[in-house]
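1. sequence first, predicted model second:
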Amino acid sequence: MSSLLPDSVPLLSTADNSVTALPSGIPTLLLFSSSWCPDCKPFMAALSVMYEDLNEDEKQFEVVYVSSDRTEEECADYVKKMPGWLYVPFSQVEHCTFLKMTLKSCAGSEQGPLGITERKFGIPNLVVLKGNDVVVKECANADVEGFRGG
């Protein structure tokens, strides 16, 4: 399998849209989500609390947003609400598609157009990686929802 997050795919910071390298030595959490999904907003809020809390003294993990937004404007507005995470640029549609197809995680409305016959997870979905390509947990949503009574 190809690397899920190769160096050739730029990651941007939600804080300032600058190209930012993925930190090494800590888990990467891929967040499959969108601005239009009603379940995604409370999940993102809970993940934001967990991110801020656990990374307060030393970064324990990084979040990378994989968009299911319908437009670049929707994506741009949504990432402004994220606490300094990273994201795959909306313009990298081929890579977002690769991630969704490989991990079988996407919005229901994307399943047919992407050709995913058996979708494992809808959105929101949080996939935990070791490094940039080893899946440790396919769906860590319950860990976020259970954090501090979430």
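-> In hand now; what should we look at?
2. where does the chain have low pLDDT?
-> The model of the chain has pLDDT under 70 over residues 1-2, 148-150.
3. from the contact counts, what lies against the biggest helix by length in the chain?
-> In the chain, with assignment by DSSP state H, the single longest helix is helix 40-54. Applying 3 or more CB pairs under 8 Å, 6 or more residues apart in numbering; DSSP states H and E, one finds that helix 40-54 contacts strand 28-33, helix 141-145. C-beta here means a position set from N, CA and C on the backbone, and glycine is covered the same way.
4. need the winner for burial among these.
-> Each of those was scored by mean neighbour count; the highest is strand 28-33, a mean of 24, by mean count of other CB atoms under 10 Å.
5. got the CA positions of that strand in PDB?
-> What follows is strand 28-33 as a C-alpha-only set of coordinates in PDB (Å, rounded to 0.1, in the frame of the first residue of the first chain):
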ATOM      1  CA  THR A  28      -1.700  11.100  13.400                       C
ATOM      2  CA  LEU A  29      -5.500  11.200  13.600                       C
ATOM      3  CA  LEU A  30      -7.300  11.500  10.200                       C
ATOM      4  CA  LEU A  31     -10.600  13.300  10.600                       C
ATOM      5  CA  PHE A  32     -13.100  12.500   7.900                       C
ATOM      6  CA  SER A  33     -15.700  15.200   8.200                       C
END
